[in-house]
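> Task: produce atomic coordinates for the following.
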Amino acid sequence: MAFLPATAGDRGSLMLGIAVAGLLANLLLFWLQHPRQRGKNLNVRAAALHVMGDLLGSVGAIVAVLVLLFTGWTP
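Sure, this is the predicted structure:
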């Protein structure tokens with residue numbers, strides 16, 4: 001059975017699902033790091049900043065896929 005080529009919408013939907021899953025996972029990790037413990041330990045504080053950077057990356061991926069889906073733009 002031959003596979004049909006994926007359209008930009010198909011790829012965008014998959015990318016959006018993965019980006020949203022990453023965002024939710026990072027939100028959970030950020031929430032699990034208790035706010036009172038963040039400032040006391042340098043390693044915990046660094047981990048919280050790292051998760052925040054990943055959160056911003058997920059938001060950027062979501063914005064990118066929304067541009068792809070709404071404009072039909074492909075590189």
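
> State which helix of this protein is the longest.
For the chain, the helix reaching the highest residue count under DSSP state H is reported as helix 42-71.

> That one: how far from the chain's middle?
5 Å (CA atoms, centre = their mean, to the nearest Å).

> Check which helices and strands that helix sits against.
Counting contacts by 3 or more CB pairs under 8 Å, 6 or more residues apart in numbering; DSSP states H and E, helix 42-71 packs against helix 8-32, helix 35-38. (C-beta placed from N, C-alpha, C; glycine too.)

> tell me, what residue is most central in the chain?
Residue closest to the average C-alpha location in the chain (CA atoms, centre = their mean): Ser58, at 2.3 Å.

> What's the local residue count around Gly72?
Close neighbours of Gly72, defined as other CB atoms under 10 Å, add up to 11.

> And it, its phi and psi?
Reported as degrees, to the nearest 10, the phi and psi values for Gly72 are phi 80, psi 10.

> re earlier: name the stretch among the helices and strands packed on helix 42-71 that sits most buried.
The highest mean neighbour count among the helices and strands packed on helix 42-71, using mean count of other CB atoms under 10 Å, belongs to helix 8-32: a mean of 14.

> Just the angle for that one relative to helix 42-71, thanks.
Computed by axes from the mean of the first three to the mean of the last three CA atoms, to 10 degrees, the angle separating helix 8-32 from helix 42-71 equals 160 degrees.

> Please name the residues that touch the closest residue to Gly22 other than its chain neighbours.
In space, and not counting its chain neighbours, Gly22 is closest to Ser58: 4.5 Å by CB to CB, 6 or more residues apart in numbering. Residues counted as contacts of Ser58 (CB atoms under 8 Å, 6 or more residues apart in numbering) are Ala19, Val20, Gly22, Leu23, Asn26.

> lowest-confidence helix or strand of the chain?
For the chain, the helix or strand with the lowest mean confidence is helix 35-38, at a mean of 63 (criterion: mean pLDDT, DSSP states H and E).

> mind checking how far the closest residue to Trp73 other than its chain neighbours is from Gly22?
Leaving aside its sequence neighbours, Trp73 sits nearest to Val67 (CB to CB, 6+ apart; 6.4 Å). As for Val67, its distance to Gly22 is 18 Å (criterion: CB to CB, to the nearest Å).

> Okay then, goodbye and thanks.
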